[in-house]
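J.: need the 3D shape of this:
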Amino acid sequence: MNQENLQIPAPTRAADLLEQIERINPLITLNAADPFARDQYLRRKQEFVDELSAILREYELLDGELRAA
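T.: Numbers count the residues shown, from 1 in each chain. Down below sits the predicted model:
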């Protein structure tokens, strides 16, 4: 089956994104002394947050943007 034809329901994807953010937070802390690795994890976290923002806007739960802390 072609993966492009599979559509993950938005609530399921939102939950997955929250789990991904939860998993990436300790990696950011762990790599605090390595700016390159830390920046990579921060960039990835922001990508997750951006996707989550889009889902929340679809449900009219967000008016604006979320920013990763």
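
J.: host element of Ile21?
T.: helix 10-30 (DSSP states H and E).

J.: which strands and helices sit next to the helix or strand following that helix?
T.: Per DSSP H and E, the first helix or strand lying C-terminal to helix 10-30 is helix 35-58. Contact here means 3 or more CB pairs under 8 Å, 6 or more residues apart in numbering; DSSP states H and E; on that basis helix 35-58 packs against helix 10-30. Where C-beta positions appear, they are placed from N, C-alpha and C, glycine not excepted.

J.: other SSEs contacting the helix it packs on?
T.: helix 35-58.

J.: quick one: contacts for the residue nearest the centre of the chain?
T.: Nearest residue to the geometric centre of the chain (CA atoms, centre = their mean): Phe48, 1.5 Å. Neighbour list for Phe48: 17, 20-21, 24, 68 [criterion: CB atoms under 8 Å, 6 or more residues apart in numbering].

J.: dump the residues you listed to CSV, plus pLDDT and distance to Asn31.
T.: Below are the contacts of Phe48 laid out as CSV (pLDDT from 0 to 100; distance: CB to CB, whole Å):
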residue, pLDDT, distance to Asn31
Leu17, 97, 21
Gln20, 98, 16
Ile21, 97, 16
Ile24, 97, 10
Ala68, 82, 15
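
J.: give me the buried entries from those.
T.: 17, 20-21, 24, 68 (16 or more other CB atoms under 10 Å).

J.: nearest to Leu6 among the residues you listed?
T.: Nearest to Leu6 among the buried ones among the contacts of Phe48: Leu17, at 16.8 Å, using CB to CB.

J.: what's the closest of the buried ones among the contacts of Phe48 to Gln40?
T.: Ile24 (10.1 Å).

J.: give me the distance from stretch 36-45 to the chain's centre.
T.: Centroid separation for stretch 36-45 versus its chain: 12 Å, with CA atoms, centre = their mean, to the nearest Å.

J.: got it, and stretch 47-62?
T.: Its chain's C-alpha centre and that of stretch 47-62 lie 10 Å apart, by CA atoms, centre = their mean.
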